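[1] got a sequence here, can you model it:
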Amino acid sequence: MIVLAQVSDTHIDLGERNTERTRRVAAYLDAIPGRIDAVVVSGDIADHGAVAEYELARQLLPSRHPVYLMPGNHDSRDALRRVLLGSEGTGPINQIHQVGELTLLLVDSSVPGQSWGALTDETYAWLADALAAGSGPVMVFLHHPPVRLFSPLVDPIRLVGDEQFADLLAGSGRVVGVACGHAHTPATTVFAGVPLVIGPSVASILAPQWETRECPMVDYTSPPALAFHVVDDTGRLTTHFRTVSKRFTENAFDPALAPRS
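    Next up, the predicted model:
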């Protein structure tokens, strides 16, 4: 099986709050005794796209596992490329990573200067070629959800052009799941005939429409959260969600401290 950790929407802004929350999640991942095959950071790494924010992110992100990064609407492609990827270039940051038998396709849905997401013609061509290049299972990551989530803040700035995206994924026969961020809430649904998982945010939680009258639309009090995606040998995707409280310590995984059942 392949185990992926998805971290999303850290919104590192040089302030202590989001710095501490990102550091806490990274420490949790680095302390896990079992194997994690890769960590995917699904966008909005920085809050303002500043070089200093990416320099801090480089210090904060997990160090024990391979980490793959992609941009969100708050990110700067140029700064992310230079500081975190060590590369130059223009246009979308689309990436292919092989993790065992699983191919990860990191699709850049960011639109410079905009909060909503879209895929360029260049990205569609790249994605079509990547899906046609092999026969093994594929998991697709992007920042913007391609479906309505009944979130007053997120739905107006989700991915546009989702029908073309869905047709491309459904036609490949290789995609076992799609994961994204942006919504600041864990959620699951189906897209293009496969599971769609929305990873939670490290920075905050956004309330869906049925909570907004009685609850704050943005919840800054809940602990940071992340997702674990497991792709088994049959291609089945299973996702677990975890929150990381302030009480977490590296000793949390000590079998000697485990509660008796």
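[2] where along this structure do the helices fall?
    Using DSSP state H, the helices of the chain run over residues 16-31, 51-60, 77-80, 121-132, 162-172.
[3] just tell me which of the ones you listed ends up closest to Thr238.
    helix 16-31 (18.2 Å; Cβ to Cβ). Backbone N, C-alpha and C define where each C-beta goes, glycine included.
[4] packing partners for the closest one?
    strand 2-7, helix 51-60, strand 225-231 (3 or more Cβ pairs under 8 Å, 6 or more residues apart in numbering; DSSP states H and E).
[5] figure out which of those is closest to Ala128.
    Comparing the helices and strands packed on helix 16-31 by Cβ to Cβ, strand 225-231 comes nearest, at 22.0 Å.
[6] contacts only, for the residue nearest to Thr189 when sequence neighbours are not counted.
    Closest residue to Thr189 apart from its sequence neighbours, by Cβ to Cβ, 6 or more residues apart in numbering: Leu196 at 5.1 Å. Contacts for Leu196 (Cβ atoms under 8 Å, 6 or more residues apart in numbering) come out as Pro145, Pro146, Val147, Gly177, Val178, Ala179, Cys180, Thr188, Thr189, Val190.
[7] kindly recompute the last result at 10 Å.
    140, 145-147, 149, 177-180, 187-190 (Cβ atoms under 10 Å, 6 or more residues apart in numbering).
[8] distance-wise, check it relative to Arg35.
    In this view, Leu196 and Arg35 are 26 Å apart by Cβ to Cβ, to the nearest Å.
[9] and if you look at Thr123?
    Counting by Cβ to Cβ - Thr123 and Arg35 are separated by 31 Å.
[10] just for the stretch 1-150 of the chain, where's the confidence low?
    Across the stretch 1-150 of the chain, nothing is flagged by pLDDT under 70.
[11] and Thr123 and Arg35? Which one has more around it.
    Shown here are Thr123 and Arg35; by other Cβ atoms under 10 Å, Thr123 has more neighbours (19 against 9).
[12] how far away is the nearest residue to that one once chain neighbours are set aside from Leu196?
    Leaving out its chain neighbours, the residue that sits closest to Thr123 by Cβ to Cβ, 6+ apart is Pro92, at 5.0 Å. Using Cβ to Cβ, Pro92 is found at 21 Å from Leu196.
[13] and what of Pro137?
    Counting by Cβ to Cβ, the gap from Pro137 to Leu196 is 16 Å.
[14] please apply the same query to Glu211.
    Counting by Cβ to Cβ - Glu211 and Leu196 are separated by 21 Å.
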